[in-house]
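Student: Here is my input, please return the structure:
(chains A and B)
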Amino acid sequence: AQSVAQPEDQVNVAEGNPLTVKCTYSVSGNPYLFWYVQYPNRGLQFLLKYITGDNLVKGSYGFEAEFNKSQTSFHLKKPSALVSDSALYFCAVRPGYSSASKIIFGSGTRLSIRP
Amino acid sequence: GAGVSQTPSNKVTEKGKYVELRCDPISGHTALYWYRQSLGQGPEFLIYFQGTGAADDSGLPNDRFFAVRPEGSVSTLKIQRTERGDSAMYLCASSSTQGGDSTNTGELFFGEGSRLTVL
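Tutor: Sure thing, here's the model as predicted:
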């Protein structure tokens, strides 16, 4: 069975500092990994994905994520946080080989950027 | 519009009533997902369609929940004999394919959701 863990309910960072939001996963075979962001009273928006290739993937709004197969992790990062990055972030996973598999989401991490 | 459309955006009903929630996916998207999200929580998988058929309905909590997608486009989530615990945001998402081809990765496009409140 596939699963996603986001160990931190909340991450607090000062504006201009680097940020990391953690995600670990469990899935059979090679994973497809995703990050989504949810702003207040809005639907989930796609940020970035890892499918294959370079372990460091870049996405929207200056975010990037690093795939680490040995640690089964896919942490979200940004070199310099903005107040506007404050939102709820979700990591998600599905098996890469399957033509009929569901996408499972983590419980979410609330990112709060203070001015 | 070009995005995923969900109606109604808000639904208030009484305990024991029947409710239908509708999802109109992005045109041409073959895969359609339903999720349920409680406040401050992650989306909880309910059911996934590939075309007209339910490829995985393992997330439906009990037999009061049912979903259909008769023509492979619009989907309806049906909840019978609603209970207060059914109150949540119901999210629909679509994607172009769920194939193993690395060029089709199953990235989801979400609607704004239908907020269900059972009194």
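Student: which residue sits closest to B:Ala2 in space, ignoring its chain neighbours?
Tutor: B:Ile26 (6.8 Å; CB to CB, 6 or more residues apart in numbering or on different chains). C-beta here means a position set from N, CA and C on the backbone, and glycine is covered the same way.
Student: how close does the one you found sit to B:Phe110?
Tutor: From B:Ile26 over to B:Phe110 the distance is 11 Å, taken as CB to CB, to the nearest Å.
Student: So between these two, which is more surrounded?
Tutor: Using other CB atoms under 10 Å in any protein chain shown as the criterion, B:Ile26 and B:Phe110 rank with B:Phe110 on top: 22 against 18.
Student: For the closest residue to A:Lys58 other than its chain neighbours, list the residues it contacts.
Tutor: Nearest residue to A:Lys58 in three dimensions, chain neighbours excluded: A:Glu64, at 4.8 Å (CB to CB, 6+ apart). Taking CB atoms under 8 Å, 6 or more residues apart in numbering or on different chains as the criterion, A:Glu64 is in contact with A:48, A:56-58, A:76-78.
Student: and A:Glu64, what pLDDT?
Tutor: pLDDT for A:Glu64: 97.
Student: Okay, and the beta partners of it?
Tutor: With beta bridges defined as DSSP bridges, A:Glu64 has these partners: A:Lys58, A:Lys77.
Student: re the thing from before, give the buried subset of the contacts of A:Glu64 as a ChimeraX selection command.
Tutor: Listed next is the ChimeraX selection for buried residues among these, using 16 or more other CB atoms under 10 Å in any protein chain shown:
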select /A:48,57,76,78
